[in-house]
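Q: sharing a sequence plus its predicted fold:
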Amino acid sequence: MKKVISILIVTLFFCFSQEANAQVGSAFPDMEAESLTNEFVDLPSDISGKYSLIGLAYSKKAEDYLKGWFEPVYNQFIYKNPNPGPFDFSFDINTYFVPMFTGAKRPAYKKVMNKLKKTIDQRMQPNVLFYKGTLKEYKDALNFDGKDLPYFYVLNPEGKIVYTTSGRYTQRKMQEITDAVRSAMELE
């Protein structure tokens with residue numbers, strides 16, 4: 001009975017979410033990216049097996065908004081409290097922020113990467129991935145059209161999108177992401 005109620009809640013949550021797009025339920029497209037620690041990650045194949053949160057940005061303005069998500073996402077999903085309290089809920093999910101270097105921006109890839117290595121907290125560096133390549137297949141598959149916005153995707157362990165949102169950080173959006181992850185994990 002509890003599982004049926006959880007399924008209904010998740011279904012209603014996704015149906016009535018203003019941010020949910022048509023791509024919910026589809027597979028996240030393959031993407032090879034490089035972390036600030038110079039490790040290559042193939043999304044979603046290298047991160048399969050557990051839930052993931054992926055943030056994408058493909059313009060300078062969107063990248064600036066993406067950075068506004070770093071601290072709250074780090075605190076919610078990445079940081080592991082060494083002395084958790086009785087009411088702390090710990091998440092075990094993959095979390096990545098991905099600036100996308102496409103078109104004329106591709107030559108700036110390494111320069112920007114080296115600059116960010118010096119400015120981004122070392123604890124966050126494994127979670128910041130750089131993509132260099134084309135944009136069209138991602139725009140088509142992920143239905144993003146506002147170049148000045150970052151886009152966020154919650155993936156299930158099989159790499160399918162279970163929730164999506166976009167834009168600047170707000171507490172409401174962060175809570176919706178947290179609720180989506182928690183609800184999806186409870187269904188397992």
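A: Now that the structure is in, tell me what you want to look at.
Q: make it CA atoms for all contacts and neighbour counts henceforth
A: Will do.
Q: where do the strands sit along this structure?
A: Counting by DSSP state E, one finds strands in the chain at the ranges 31-35, 40-43, 52-57, 94-102, 129-133, 151-155, 161-166.
Q: rounded mean pLDDT for the shortest one, please.
A: This points to strand 40-43. Averaging pLDDT along strand 40-43 yields 96.
Q: surely residue 51 is in contact with residue 93?
A: Yes: with contact defined as Cα atoms under 8 Å, residue 51 counts as touching residue 93 (5.0 Å).
Q: who has more neighbours, those two?
A: residue 51 (24 against 19; other Cα atoms under 10 Å).
Q: roughly how far does that one sit from residue 66?
A: Residue 51 sits 20 Å away from residue 66, going by Cα to Cα, to the nearest Å.
Q: before we move on, what about residue 157?
A: As judged by Cα to Cα, residue 157 and residue 66 stand 24 Å apart.
Q: the residue positioned nearest the centre of the chain pairs with what?
A: Centroid-nearest residue in the chain: residue 54, 1.8 Å away (criterion: Cα atoms, centre = their mean). Beta-bridge pairing for residue 54 (DSSP bridges): residue 96, residue 153.
Q: which residues touch it?
A: Residue 54 sits next to 95-98, 152-155 when contact means Cα atoms under 8 Å, 6 or more residues apart in numbering.
Q: please redo it, this time with the cut-off set to 7 Å
A: Residues in contact with residue 54 (Cα atoms under 7 Å, 6 or more residues apart in numbering) are 95-97, 152-154.
Q: and the residues you listed, which two are the farthest apart?
A: Farthest pair in the contacts of residue 54 (Cα to Cα) is 97 and 154. Separation: 12.1 Å.
Q: what's the most buried one of the strands of the chain?
A: strand 151-155 (a mean of 25; mean count of other Cα atoms under 10 Å).
Q: need the contact partners of stretch 93-106.
A: Under the contact criterion Cα under 7 Å, 6+ apart, stretch 93-106 has outside partners 47, 50-58, 63, 77, 109, 127-135.
Q: run the last query once more with 6 Å
A: For stretch 93-106, the external contacting residues (Cα atoms under 6 Å, 6 or more residues apart in numbering) are 51-58, 127-134.
Q: between residue 157 and residue 66, point out the one with more neighbours.
A: More crowded of residue 157 and residue 66, by other Cα under 10 Å: residue 66, with 24 against 18.
Q: helices along the protein, start to end?
A: 2-16, 60-73, 109-119, 136-142, 171-186 (DSSP state H).
Q: mind telling me which of these the model trusts least?
A: Of all the helices of the chain, mean pLDDT reaches its minimum on helix 2-16 (a mean of 41).
Q: sorry, back to before: what's the distance between the residue nearest to the centre of the chain and residue 86?
A: For residue 54 relative to residue 86 (Cα to Cα), the value is 29 Å.
Q: with residue 44 instead?
A: Remark: distance between residue 44 and residue 86 (Cα to Cα) = 33 Å.
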